[in-house]
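Model the structure of this input:
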Amino acid sequence: MSDGDDTPQRAGFLSTVRAVLWSFAGVRKRRDYNQDASSLNPVHVIIAGIFAAVVFVLSIVLVVRFVVSQ
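Below you'll find the predicted structure:
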């Protein structure tokens, strides 16, 4: 076993949330995508994706209700 181990460090949950939010916007550089693909935990990605989708849908529902009530 060598000291210069090249295994990627696992990203934290906040880094995962940031990557998911960038993916919702559809703006990612290939370099960042490759880094995310090698360091993100798939379970964290699923949880963050579901959370972001729920927040997105609820915000749209609230905006529509506000506009319709005016």
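
Show me what the helix ranked longest in the chain packs onto, helices and strands only.
Secondary structure assigned by DSSP state H gives helix 42-69 as the longest helix of the chain. When contacts are defined as 3 or more Cβ pairs under 8 Å, 6 or more residues apart in numbering; DSSP states H and E, helix 42-69 packs onto helix 13-25. The C-beta positions use only the backbone N, C-alpha and C, and glycine is treated the same way.

quick one: contacts of the helix it packs on?
11, 28, 32, 36, 39-41, 44-45, 48-49, 51-52, 56 (Cβ atoms under 8 Å, 6 or more residues apart in numbering).

low-confidence ranges in this protein?
Flagging of the chain using pLDDT under 70 yields the residue ranges 1-8.

The residue nearest the centre of it and residue 13, how far apart?
Residue closest to the average C-alpha location in the chain (Cα atoms, centre = their mean): residue 20, at 1.4 Å. The gap separating residue 20 from residue 13 is 10 Å, by Cβ to Cβ, to the nearest Å.

Residue 57 too?
Counting by Cβ to Cβ, the gap from residue 57 to residue 13 is 21 Å.

the more surrounded of these two?
residue 13 (13 against 10; other Cβ atoms under 10 Å).

The helix or strand where residue 32 lies relative to helix 13-25, how many degrees between them?
Element membership for residue 32 (DSSP states H and E) is helix 30-39. Helix 30-39 and helix 13-25 are oriented at 130 degrees to each other (axes from the mean of the first three to the mean of the last three Cα atoms, to 10 degrees).

What helices and strands are in contact with helix 30-39?
By 3+ Cβ pairs under 8 Å, 6+ apart, helix 30-39 packs against helix 13-25.

The helix it packs on relative to helix 42-69, how many degrees between them?
50 degrees.

Tell me the buried residues in helix 13-25?
Buried residues in helix 13-25, defined by neighbour count with 16 or more other Cβ atoms under 10 Å: 15, 16, 17, 19, 20, 23.

Make CSV from those residues and add distance to residue 64 to it.
As requested, these are exported to CSV (distance: Cβ to Cβ, whole Å):
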residue, distance to residue 64
15, 32
16, 29
17, 25
19, 28
20, 24
23, 24
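
Next, residue 10: secondary structure please.
coil (DSSP: H, G, I helix; E, B strand; the rest coil).
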